[in-house]
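Visitor: Provided below are the primary sequence and the corresponding predicted coordinates.
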Amino acid sequence: MTRLFITVLYCLTTSLIWGQTQLEMNEKANKDYQKADKNLNIIYQNILKEYNKDTTFIRNFKNAQRLWIQFRDAEMKAKYPDRESGYYGSVQPMCWSMYLTDLTNERLTKLKIWLTGIKEGDVCTGSVKVKP
């Protein structure tokens, strides 16, 4: 409850300072998520292209991504369980999008390693390519 109060207070303060409505903040948070999701999909597709000859990796990688999506969705439901309308207040769409963006950016960071590679000499590279 304290976290919700702080979030609402932050939103109200931001609204007064910057003149944004809650709807505008909700829309911005959603746009931020859409951008993160688009970047994640680009990186995912680039990994598939980069490693296309390693069919075992591709199969396992696709499975891992499918399971990550299931995890992400379950994590969202755990953080924001279905409640009656208005339970989380008007900030809920913004908070939902912000958390979804955080989860997506965390995954994006983890996926990028397959494209950037790991420094030569690291004996734990697994399926990740070695940096040139």
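Guide: Now that the structure is in, tell me what you want to look at.
Visitor: Figure out the helix or strand that residue 122 lives in.
Guide: Taking DSSP states H and E as the definition, residue 122 sits outside all helices and strands.
Visitor: where exactly do the helices run in the chain?
Guide: Along the chain, the stretches classed as helices by DSSP state H are 2-18, 22-50, 55-79, 92-116.
Visitor: I'd like to know how far the residue nearest the centre of the chain sits from residue 37.
Guide: In the chain, the residue lying closest to the centroid (CA atoms, centre = their mean) is residue 104, at 1.1 Å. Taking CB to CB, to the nearest Å as the measure, residue 104 falls 6 Å from residue 37. (C-beta placed from N, C-alpha, C; glycine too.)
Visitor: Then residue 55?
Guide: Residue 55 is 27 Å from residue 37, where distance means CB to CB.
Visitor: Mind checking which of the two has more residues around it?
Guide: Neighbour tally, residue 55 and residue 37, criterion other CB atoms under 10 Å: the higher count belongs to residue 37, 16 against 9.
Visitor: Which of the helices of the chain has the highest mean neighbour count?
Guide: Of all the helices of the chain, helix 92-116 has the most neighbours on average by mean count of other CB atoms under 10 Å, namely a mean of 17.
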